[in-house]
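Asker: Let's see this in three dimensions:
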Amino acid sequence: MNDELVCCQPHGPTAPARRRLLKCALGIAASGAVGALGSLAVTPVAVAAALTQEQRDKLTPDQILDLLRRGNERFRTGKMHPHDFLAQKRATVAGQHPAVALLSCIDSRAPAEIIFDVGLGDTFNARVAGNIANDDLLGSLEFACAAAGAKVVLVMGHTSCGAIKGAIDNVRLGHLTGLLEKIKPAVAATPYEGARTSENYEFVDAVAKTNVHRTVAAIRAQSEVLVKLETDGKIKIAGSMYHLSGGRVEFLD
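Answerer: Numbering: from 1, shown residues only. The predicted structure follows:
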């Protein structure tokens, strides 16, 4: 996402040149021609600055989703930006203006920030097994959007999800039991003709996708704050699935 959103720090050009590059990028983004910005990423640069409020506020929810798609394309094709995280850390000390609130699973193979090739200050990140929505997570998402100005809530499930398998197998283990109870309705709601077991990865992934849809629906059903923002066109709530094999994020309708 940072190729279109942030000031880049090339190895050679002067600071005024960097400012001109940023001004150009913001001008194109403001005009809505997000697709034209990809050419700025072809030179080797270290993404050094954090997303500013001005940059974030000029983007629509649809443009932000498109930038996430572009970031995922860089990730899965091995063309990620060389982030200067120390510079980003310094740039975010005084404040943050993330564009996206990501609700994803705790699975170690699915770190959303890396999958979307974003930097410090670009995204809020909420992670819980099975990417479910409970009261605490809903409150966090409301803070991200209503208080801090994020314009997209993106729920991201993933293939071969252990929490989904646990729900299918009716696993009972301490507090995990209650968490899996929130996923089990997705098992029953998933139409599938083959073997409905955790050994069948096709079924597991089908349930994971149903679970994403249910989480998106739960957010809309349980958060008047977020629904009002979405109804007013200020945010977009969307679902997605990350495919461990290949690294593609599938955006769901």
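Asker: low-confidence ranges in the stretch 1-150 of the chain?
Answerer: 1-48 (pLDDT under 70).
Asker: distance of residue 165 from residue 188?
Answerer: Distance, residue 165 to residue 188, using C-beta to C-beta, to the nearest Å: 15 Å. For every residue, glycine as well, the C-beta is placed using N, CA and C.
Asker: Comparing these two, which residue is more hemmed in?
Answerer: More crowded of residue 165 and residue 188, by other C-beta atoms under 10 Å: residue 165, with 20 against 9.
Asker: Contacts only, for that one.
Answerer: 198, 204 (C-beta atoms under 8 Å, 6 or more residues apart in numbering).
Asker: From residue 130, how far out is it?
Answerer: Taking C-beta to C-beta, one finds residue 165 at 10 Å from residue 130.
Asker: Also residue 62?
Answerer: From residue 62 to residue 130 the distance is 28 Å (C-beta to C-beta).
Asker: So which of the two has more stuff around it?
Answerer: A count of neighbours by other C-beta under 10 Å puts residue 130 above the other of residue 62 and residue 130, at 24 against 14.
Asker: what about residue 103, is that helix, strand or coil?
Answerer: Of the three states, residue 103 takes strand according to DSSP: H, G, I helix; E, B strand; the rest coil.
Asker: Count the neighbours of it for me.
Answerer: Based on other C-beta under 10 Å, the number of other residues close to residue 103 is 29.
Asker: Assess the claim that it and residue 131 are in contact.
Answerer: Yes: applying C-beta atoms under 8 Å, one finds residue 103 in contact with residue 131, separated by 5.6 Å.
Asker: Can you check which residues contact both of these two?
Answerer: In contact with both residue 103 and residue 131: 155-156, 215, using C-beta under 8 Å, 6+ apart.
Asker: Count the residues that sit near residue 202.
Answerer: 11.
Asker: isn't it right up against residue 194?
Answerer: Yes: between residue 202 and residue 194 a contact is recorded at 6.6 Å, counting by C-beta under 8 Å.
Asker: Need the residues that contact stretch 180-199.
Answerer: Applying C-beta under 8 Å, 6+ apart, the set of residues contacting stretch 180-199 from outside is 130, 132, 134, 163-171, 200, 202-204, 206-208, 210-211, 214.
Asker: rerun that using 6 Å as the cut-off
Answerer: Residues outside stretch 180-199 that contact it (C-beta atoms under 6 Å, 6 or more residues apart in numbering) are 130, 132, 165-169, 203, 206-207, 210-211, 214.
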